[in-house]
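> Need the 3D shape of this:
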Amino acid sequence: MNNWAWTALALFAVWAATAFGIRAAVQRRRTGDAGFRGISGRPGSAAWWAGVLFVLALLGGAAAPAAALVGMPALPGAGDGTALHRTGLAVALAGMAATLVAQSGMGASWRVGVDAAEHTELVTSGLFAYVRNPVFTAMTVTAAGLALMVPNALAVLAWLVLVLAIELQVRVVEEPYLARAHGPAYADYTARAGRFVPGVGRHTCAAAAAGA
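Model prediction:
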């Protein structure tokens, strides 16, 4: 079990370093701006909680394998099954790769957080042609894979907090911002691409209203 916990911890470190640190460095070199906008909203608001929960989820994702190393047991039924751990490894690696591909597809529009006064290009190509939030989808998949590698209560809780944070961030912060910034173009886009998976969460009513 310790070997899998060490592997999960190493993968998490690589994922965090590439998805945030290296990506920010690349963004700064290309555009002069690292792309970090911080937590949105006033303290206590839904937008603020989205950012806070996202940070807590990341901390929990790192803490889960560390907790396993100091003796936190796996959840009942998880056991020491090698198949479960290997599945988690495959899922985590796929999620990590998808995270980098989706981030790269955003180009100069890549941001961590939202600045309401900023106007970035609406990206609708590559993975974004099928899913409006492929970076978040990939991150969720990565976190799920890491949780399968170290299936303890902290890993599951961190994953659930991440899902909640992403749902809040997308629905309360990013979608309203994009609707204001891009108007009918965004309404049309939401009618074509799903929110997190292809075909699911499309806004057909919004598109029809925009075209009326």
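> Tell me, how many residues neighbour residue 83?
7 (other Cβ atoms under 10 Å). All C-beta spots, glycine's among them, are computed from the backbone N, C-alpha and C.
> Around residue 22, how many other residues sit close by?
Look at residue 22: counted by other Cβ under 10 Å, it has 14 neighbours.
> same deal with residue 49?
A count of neighbours around residue 49, defined by other Cβ under 10 Å, yields 19.
> next one: residue 123
The burial count for residue 123: 19, using other Cβ under 10 Å.
> quick one, phi psi at it?
Note on residue 123: its backbone torsions stand at phi -90, psi 120 [degrees, to the nearest 10].
> Pull the contacting residues for it.
Contacts for residue 123 were tallied using Cβ atoms under 8 Å, 6 or more residues apart in numbering; they are 105, 106, 107, 109.
> Any of these buried? List them.
Among the contacts of residue 123, those classed as buried by 16 or more other Cβ atoms under 10 Å are 105, 106.
> right, and out of the contacts of residue 123, which lies closest to residue 164?
residue 106 (23.2 Å; Cβ to Cβ).
> Look up which helix or strand the residue nearest the centre of the chain falls in, please.
What sits nearest the mean C-alpha location of the chain, by Cα atoms, centre = their mean, is residue 136, with 2.8 Å. Following DSSP states H and E, one finds residue 136 within helix 134-149.
> ok so, going back, in CSV: the contacts of residue 123, plus secondary structure.
Shown next, in CSV, are these (DSSP: H, G, I helix; E, B strand; the rest coil):
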residue, secondary structure
105, helix
106, helix
107, helix
109, helix
